[in-house]
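*Asks:* What would the 3D arrangement of this be:
(chains A and B)
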Amino acid sequence: MAGPAELLRDARGGDRRALARLLTAIESDAPGIRELLPELLAAGQGGHLVGITGPPGSGKSTLVNRLVGEWRRRGRRVGVLAIDPSSPFTGGAIMGDRIRMMEHAGDADVFIRSMAARGELGGLAAVTWLAAAALDAAGFDPVLIETVGAGQSEVEIARLAETTVVVEVPEMGDEVQVIKAGLLEVADLIVVNKGDRPGAEPAARQLRAMLSSVGGRLTRTPPPVLVATALSGEGVAAVADAVEAHRQTARGPQRARDRARHQLRRALAHLVTRRAEAHPDWEATLDALAERRLDPLTAAERLTGDW
Amino acid sequence: MTDEHAAPIRVLIAKPGLDGHDRGAKVLARGLRDEGFEVIYTGLRQTPEMIADAAAQEDVDVVGLSILSGAHMTLLPKVATLLHERGMDDVLLAAGGIIPDADIAALKAAGIAEIFGPGTTIGEVARYLREHARRSG
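*Replies:* Numbering: from 1, shown residues only, chains lettered A, B, ... in the order given. As a prediction, this is how the structure comes out:
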């Protein structure tokens, strides 16, 4: 079987099967992947990395499907990474995002890949970043990353993206939901989907009002709030326009540095965890922690202290 | 890579053709999830081309086709041919649903590795897939 370097070469040349295999190699951290990273990075073509997140059932996949159609009409080649959770008990997963995107299955200028989270948070973020880099190297732009936005973990993945779109529904809740910390804070663009339902416009107005009144230490301009109906396609072109418009902002030095800091911290946490797990005292430290003879911070220091 | 750290087996479950019943497919998807497989479900009314293209992009180890409509003699061999054309001979192709015994030999000759009829347990399917699927990578 071809090694990762050959797969990257063939994927760049338009071989979809090679790209699919490269993504599998990245996902399973196959031998040779680590060594390939500089080449993978150098092969990047500057594709716009766009995160799409939001609560389950808010219509992310349907919106992604429509956005793919919209960007195809604009002559773009579109990559999609659709991420679903893995079972913490069996490691299994059901990935169903493709159901809403099958109309693009046969389009040679669209590449859709489902990815299971496989447990490791820091690891998933790293893997997602590399998978997006592979799609970028193969000439896809934009590359859309769809995640389930149920909590902090998805904020992590959303932060990988240059532009983060948060999809909400009209029934999202009252004003207090809007001012809670979390997903809405990382949004560069908010889409109130299911715009044909009653309450969509009021929900959008409420979001705009609450997000624009932030003061204090937050200097960000509030994100645009758009209403769309992904099912019918209404408002989707405006969403694509807003994502495009954000591309320049996303690539400003400050934003790029924020993302870099975040990614570096993630990568470090991943590496440190892996190294600590290989420490001869790992099991004993775990026992001590479980029996409450040790606190987690001291335990972590003990496992990393002799580096 | 040791077995316990091996990547999960990836399975695409698809419903080819015009048949609107996917309870069986969903039960199997759920059951295989609980057995530790990564299952990609593509929904109803898929053409063989859509299924083969999705399987290629997803780089799955197994394609499982569920069919109740009676069109299996047309649709299943077509999927086998398309997978072959895409260089995916190492992908295990299996089917389930309502398929008369008399058709099984012909389907196997056409490249369907195994056919699971009514009454098959999730455990039997999982065991078969573990024994026969290539591993990713």
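*Asks:* my guess is A:Val166 is in a strand, correct?
*Replies:* Yes. When classified by DSSP: H, G, I helix; E, B strand; the rest coil, A:Val166 is found to be part of a strand.
*Asks:* element containing A:Met115, please.
*Replies:* strand A:110-116 (DSSP states H and E).
*Asks:* who's in contact with that strand?
*Replies:* Counting by Cβ atoms under 8 Å, 6 or more residues apart in numbering or on different chains, strand A:110-116 makes contact with A:16, A:19-20, A:23, A:27, A:68, A:72, A:77-86, A:93, A:95, A:97-98, A:101, A:104-105, A:127-128, A:131, A:135, A:138, A:140, B:8, B:38, B:40, B:54, B:57-58, all of which sit outside it. To be clear about C-beta, it is placed using only N, CA and C from the backbone, and glycine gets the same treatment.
*Asks:* Can you identify the helix in the chain that spans the most residues?
*Replies:* Since no chain was named, I'll use chain A. Of all the segments of type helix in chain A, defined by DSSP state H, the longest one is helix A:253-277.
*Asks:* that answer is for a different chain, and I need it for chain B
*Replies:* Here the longest helix in chain B is taken by residue count, with DSSP H as the criterion, and it is helix B:72-85.
*Asks:* In strands only, show me the contacts of strand A:110-116.
*Replies:* Among the contacts of strand A:110-116, DSSP state E puts A:78-84, A:93, A:95, B:38, B:40 in strands.
*Asks:* pLDDT weak spots in the chain?
*Replies:* Using chain A. A:1, A:119-125, A:149-155, A:157-158, A:172-182, A:213-220 (pLDDT under 70).
*Asks:* that's the other chain; I wanted chain B
*Replies:* For chain B, the stretches with pLDDT under 70 are B:1-6, B:135-137.
*Asks:* tell me which parts of it are close to chain A?
*Replies:* B:1, B:7-8, B:29-30, B:32-43, B:46, B:49-50, B:53-54, B:56-59, B:86-88, B:136-137 (Cβ under 8 Å from any Cβ of the partner chain).
*Asks:* Strands along chain B, start to end?
*Replies:* B:10-14, B:38-41, B:62-67, B:92-97, B:114-116.
*Asks:* Turn the ones you listed into a markdown table, including mean neighbour count.
*Replies:* A markdown table is the format used below for those (neighbours: other Cβ atoms under 10 Å in any protein chain shown):
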| stretch | mean neighbour count |
| --- | --- |
| strand B:10-14 | 27 |
| strand B:38-41 | 28 |
| strand B:62-67 | 25 |
| strand B:92-97 | 22 |
| strand B:114-116 | 19 |
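*Asks:* who wins for proximity to A:Ala278 among these?
*Replies:* strand B:38-41 (26.5 Å; Cβ to Cβ).
*Asks:* elements contacting that closest one?
*Replies:* strand A:93-95, strand B:10-14, helix B:23-34 (3 or more Cβ pairs under 8 Å, 6 or more residues apart in numbering or on different chains; DSSP states H and E).
*Asks:* Who does the strand holding A:Met115 pair with, and is each partner parallel or antiparallel?
*Replies:* strand A:78-84 (parallel) (DSSP bridges).
*Asks:* Quick one: residues in contact with the partner strand.
*Replies:* By Cβ under 8 Å, 6+ apart, the list of residues contacting strand A:78-84 from outside reads A:47, A:61, A:64, A:67-68, A:71-72, A:93-98, A:101, A:109-117, A:124, A:128, A:131-132, A:135-136, A:138, A:140-148, A:157.
*Asks:* Would you list the buried entries among the residues you listed?
*Replies:* Taking 16 or more other Cβ atoms under 10 Å in any protein chain shown as the criterion, what is buried in those is A:47, A:61, A:64, A:67-68, A:71, A:93-98, A:101, A:110-117, A:124, A:128, A:131-132, A:135-136, A:138, A:140-148, A:157.
*Asks:* For B:Ala94, name its beta-bridge partners.
*Replies:* With DSSP bridges as the criterion, B:Ala94 is bridged to B:Gly64, B:Glu114.
*Asks:* Please name the residues that touch it.
*Replies:* Contacts for B:Ala94 were tallied using Cβ under 8 Å, 6+ apart; they are B:62-65, B:112-116, B:125, B:128-129.
*Asks:* re earlier: can you tell which of the helices and strands packed on strand B:38-41 is closest to B:Ala71?
*Replies:* Each of the helices and strands packed on strand B:38-41 has some distance to B:Ala71 by Cβ to Cβ; the shortest is strand B:10-14, at 13.7 Å.
*Asks:* which other helices and strands contact the closest one?
*Replies:* With contacts defined as 3+ Cβ pairs under 8 Å, 6+ apart, strand B:10-14 has these neighbours: helix B:23-34, strand B:38-41, helix B:48-58, strand B:62-67.
*Asks:* A:Leu231: helix or strand, and which one exactly?
*Replies:* Following DSSP H and E, one finds A:Leu231 outside all helices and strands.
*Asks:* Tell me which of the helices and strands packed on strand B:10-14 lies nearest to A:Asp188.
*Replies:* The closest approach between A:Asp188 and any of those, judged by Cβ to Cβ, belongs to helix B:48-58 at 27.5 Å.
*Asks:* now for that closest one, which elements pack on it?
*Replies:* Secondary-structure packing of helix B:48-58 (3+ Cβ pairs under 8 Å, 6+ apart): helix A:16-27, strand A:110-116, strand B:10-14, strand B:62-67, helix B:72-85.
*Asks:* Can you lay out those as a markdown table showing distance to B:Asp22?
*Replies:* Converted to a markdown table, those look like this (distance: least, Cβ to Cβ, whole Å):
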| stretch | distance to B:Asp22 |
| --- | --- |
| helix A:16-27 | 25 |
| strand A:110-116 | 18 |
| strand B:10-14 | 9 |
| strand B:62-67 | 7 |
| helix B:72-85 | 15 |
